[in-house]
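[1] Have a look; sequence and predicted model below, questions after that.
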There are 2 protein chains.
Amino acid sequence: MSKPFSFTLHKTDGGGRRGEMVTPHGRVQTPAFMPVGTQATVKGLTPEIVHGTGAEIVLGNTYHLMLRPGPERVAALGGLHKFMNWPRPILTDSGGFQVMSLSELRKLSEDGVTFRSHLDGAMHDLSPERAIEIQALLGADIAMQLDECLRLPARPEEIRRAMALSLRWAERSKRAFAGRARDGCALFGIVQGGDDIPLRLESARELTAVAFEGYAIGGLAVGEPQEVMLKIVEETAPALPAAHPRYLMGVGMPHDMLEAVARGIDMFDCVLPTRNGRHGMAFTRFGPINLANARHAADPRPLDEQSPHPAARTWSRAYLHHLVKANEMLGAVLLSTVNLAYYQALMADMRAAIEAGRFADFRAETLAAWERGDLPPL
Amino acid sequence: MSKPFSFTLHKTDGGGRRGEMVTPHGRVQTPAFMPVGTQATVKGLTPEIVHGTGAEIVLGNTYHLMLRPGPERVAALGGLHKFMNWPRPILTDSGGFQVMSLSELRKLSEDGVTFRSHLDGAMHDLSPERAIEIQALLGADIAMQLDECLRLPARPEEIRRAMALSLRWAERSKRAFAGRARDGCALFGIVQGGDDIPLRLESARELTAVAFEGYAIGGLAVGEPQEVMLKIVEETAPALPAAHPRYLMGVGMPHDMLEAVARGIDMFDCVLPTRNGRHGMAFTRFGPINLANARHAADPRPLDEQSPHPAARTWSRAYLHHLVKANEMLGAVLLSTVNLAYYQALMADMRAAIEAGRFADFRAETLAAWERGDLPPL
């Protein structure tokens, strides 16, 4: 038996939590941001570049990988870590969210979901047990239970039904996962309940009774206003056991993460830093900057000369503007790097602020800097 | 006055030449391959990755850079080296070839060429003097004269006319360049003359009389059979002064370069390693490999476990196949890296073979390895 997954909470400061996870492939400092490696690659970036941004863990998508190249193929090739040459921790989602958002002809039953692949039209089944099996074949350090994730707004009875189904799937996932826990891997449950606080609390309570290594809050960042999301996080997080990591799925913008950490969240994943980077947007401590804007065309200044990462210090805004306007692949590569590095720097700064007991001050300073906005024109 | 550009011929072995260029931004070992950085970027690759393949010099395209972002802008931002963060030698072409191949509404006169930008339809002029001015604004270590490059086949009188015009432009380029030579930069003349050997020899003789730091053979790899190209190289190279570098423009496939080095060529540039890399093709010592082919889908072997570059040793063929099939940007990045590294390794191996006086053996071994082809299926 390998050393089991563990989470240690080192320090709290208000709602903020400074912790550390131990997984079979290494440690992860929390609060942590996980770059998304949808199809066994963080888009456009070598693992070396991803690690250079400060990332300690990446996320893989079960939906995409089950369709192509297939989990049995990945397992035969030595697992996802070896396949993509990322020897550090990997969390995989269960596929549920993307079955709902990407595939056609879904048929949901107590047993699971049947869907048509968006790639080739082939029919596939996904059950709680198969989702665990796939994640085991991929070799995830942290696996997620299959859940049903609704789009908001949704009718109250639909939200209740999906929450209750997700709970039953949580229990089945836990039973199916039993073997993997012996290898030091972790399974996280997922709180559902839409924007209904009592349902969220019921979901959190029942999941805690099933007992997972970590707890995610799912079904958010699906179209609701930020204040609704933060309200649900604020109410739900304290209902989860303090000794386990809390993961807010699919979030988010830097401001979302700052506020969610203040409300007790330890982990995030989001495609925004890479997706927006591919579309010419940089995340910085001055707020977002659209490099396609003509005001950058002759600007010799880097994005942020005080950035800890060379990508934000080395190339001029004029050069990045040129790459974006010329639709050059390197623009996507450099801005994805800049953005992941900013996300990681924000996490590192939040961790340091919590350790120093000054998270409230850090939050106010960060909000003020974003509020001031970008450097004035030259 | 800076130290002037120099070329030292260290060793010859048959037709093969082992030399070294000294430029304001550093030394270049020859035979040398120059990756193409069309729009101030080798597509998809950071300068660090490009240098990591072994490249000592890159090529920039005057045509593209004069249209966007414009040479005055690049100069105001500190020159092309700083703009793209490549502190090593840069050669720029004169723009002539791409005016002919990419732009519309060309009007050629004794003075130069007027053309419509393929980007926005604006009219631009390019003369021998303006081509030198642009390359000076970019800050090229090695500049090229403006020439007229015909597509082959062409009528004999057209070939003669274009060759004679290119010679008159060579003289004007030399006069316009005088100031830059004081800074240690070099200007290369370009031999034209199509597939007409006497015209090629006349062009070489006249260019040599004008006296350049280096001599290119232009107007090849424009549709003619390889044997025609090699025949022209074989006849033309000995007519050029041995003490100066010889550059075969726009070439080529590995086999083209092996044969051209055997015929006395010192420098090459070509988009094939990056362009074909973006389309799923790897250049290796086993010959070209199409990663989109289904036979690689489950193959755990790297492209070449004996490659000096980690990109060819680290990822499995199955992973590269997956990236290509999924149209993932990282596939283009990794295969461009693999290909540039193979081109550089081939150059390094040719240099070592010439030094050791065994170029003929190396050539035969390399041809035999390409002939044997890829590894057998598992």
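    Sure, I can see it. This is a predicted model, so every value here is computed, not measured. Residues are numbered from 1 along each chain as shown, chains lettered A, B, ... in the order given.

[2] So the residue of the stretch 51-200 of chain A found nearest chain B, which state does it fall into?
    Nearest residue of the stretch 51-200 of chain A to chain B: A:Pro69, at 4.8 Å (CB to the nearest CB). Glycine gets a C-beta too; all of them are placed from N, C-alpha and C. At A:Pro69 the chain is in coil, as set by DSSP: H, G, I helix; E, B strand; the rest coil.

[3] Wasn't A:Phe7 part of a helix?
    No - checked against three-state DSSP, A:Phe7 lies outside a helix; its state is strand.

[4] Sketch out the low-pLDDT regions of chain A for me.
    A:1-2 (pLDDT under 70).

[5] Show me the residue sitting in the middle of it in space.
    Closest residue to the average C-alpha location of chain A: A:Asp269 at 1.2 Å, with CA atoms, centre = their mean.

[6] Point out the residues in the stretch 101-250 of chain A that sit beside chain B.
    Taking CB under 8 Å from any CB of the partner chain as the test, the list of the stretch 101-250 of chain A residues beside chain B is empty.

[7] quick one, strands of the stretch 101-250 of chain A?
    A:104-108, A:113-116, A:123-126, A:142-144, A:186-191, A:214-217, A:246-248 (DSSP state E, counting those that start in this stretch).

[8] wait, which of the ones you listed is closest to B:Arg130?
    Of all these, it is strand A:104-108 that lies closest to B:Arg130, at 56.7 Å by CB to CB.

[9] partners of the closest one in the sheet?
    Strand A:104-108 sits in its sheet next to strand A:113-116 (antiparallel), going by DSSP bridges.

[10] buried sites along the partner strand?
    Across strand A:113-116, burial judged by 16 or more other CB atoms under 10 Å in any protein chain shown covers A:113-115.

[11] Restrict it to CA atoms and write it as CSV.
    Output of strand A:113-116 as CSV, limited to C-alpha atoms (Å, rounded to 0.1, in the frame of the first residue of the first chain):
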residue,chain,number,x,y,z
VAL,A,113,-25.9,8.5,-19.0
THR,A,114,-25.8,7.4,-22.7
PHE,A,115,-24.6,9.9,-25.2
ARG,A,116,-23.4,10.4,-28.7
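
[12] distance between it and the chain's centre?
    Here strand A:113-116 shows a centroid-to-chain-centroid distance of 24 Å under the convention CA atoms, centre = their mean, to the nearest Å.

[13] neighbouring contacts of it?
    Defining contact as CB atoms under 8 Å, 6 or more residues apart in numbering or on different chains, one finds that strand A:113-116 is touched by A:96, A:99, A:103-107, A:122-127, A:148.

[14] and of those, the nearest to A:Leu199?
    For the contacts of strand A:113-116, the nearest to A:Leu199 is A:Glu148 (13.1 Å; CB to CB).

[15] what's the distance between that closest one and A:Leu201?
    To A:Leu201, A:Glu148 is 18 Å away according to CB to CB, to the nearest Å.

[16] Between those two, which is the more surrounded one?
    A:Glu148 (23 against 16; other CB atoms under 10 Å in any protein chain shown).

[17] before we move on, back to that, the contacts of strand A:113-116: which two are farthest apart?
    Maximum distance among the contacts of strand A:113-116 (CB to CB): 22.0 Å, for A:Ala122 and A:Glu148.

[18] which residues does the residue nearest to the centre of chain A bridge with?
    With DSSP bridges as the rule, A:Asp269 is bridged to A:Met34.

[19] Test my guess that it contacts A:Gly250.
    Yes - counting by CB atoms under 8 Å, A:Asp269 touches A:Gly250, with 6.6 Å between them.

[20] what about the closest residue to A:Ala369 other than its chain neighbours, how many neighbours?
    Spatial nearest neighbour of A:Ala369, chain neighbours left out: A:Arg285 (5.4 Å); criterion: CB to CB, 6 or more residues apart in numbering or on different chains. Using other CB under 10 Å, A:Arg285 is surrounded by 19 other residues.

[21] Now do the contacts for A:Arg285.
    A:Arg285 touches A:304, A:306-307, A:342, A:345, A:366, A:369-370, counting by CB under 8 Å, 6+ apart.

[22] and with 10 Å instead?
    A:254, A:303-304, A:306-307, A:312, A:342, A:345-346, A:349, A:365-366, A:369-370, A:372 (CB atoms under 10 Å, 6 or more residues apart in numbering or on different chains).

[23] Now the buried members of the residues you listed.
    A:254, A:303-304, A:307, A:312, A:342, A:345-346, A:349, A:366, A:370.

[24] How far does stretch A:46-56 stretch from one end to the other?
    14 Å (CA to CA, to the nearest Å).

[25] ok, is it in contact with chain B or not?
    Yes - against chain B, stretch A:46-56 shows contacts by CB under 10 Å from any CB of the partner chain at A:46-49.

[26] Need the buried ones from the residues you listed selected in ChimeraX.
    Buried members of these, defined by 16+ other CB under 10 Å, are picked up in ChimeraX with:
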select /A:46,47,49
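
[27] In helices, which of the residues of stretch A:46-56 next to chain B fall?
    Using DSSP state H, A:47-49 are the members of those that sit in helices.

[28] Go through those and say which is closest to chain B.
    A:Ile49 (7.9 Å).

[29] Check which helix or strand the closest residue to that closest one other than its chain neighbours maps to.
    What sits nearest to A:Ile49 in space, not counting adjacent residues and going by CB to CB, 6+ apart, is A:Thr337, at 5.7 Å. Per DSSP states H and E, A:Thr337 falls inside helix A:329-355.

[30] Mind giving me the packing neighbours of whatever helix or strand comes next after that helix?
    Using DSSP H and E, the helix or strand that directly follows helix A:329-355 along the chain is helix A:359-372. Packing partners of helix A:359-372 (3 or more CB pairs under 10 Å, 6 or more residues apart in numbering or on different chains; DSSP states H and E): strand A:6-13, strand A:16-23, helix A:254-262, strand A:287-290, helix A:329-355.

[31] burial count for A:Thr8?
    Neighbours of A:Thr8 (other CB under 10 Å): 13.

[32] Bridge partners for it, pull those for me.
    Assessed by DSSP bridges, A:Thr8 has beta-bridge partners A:Glu20.
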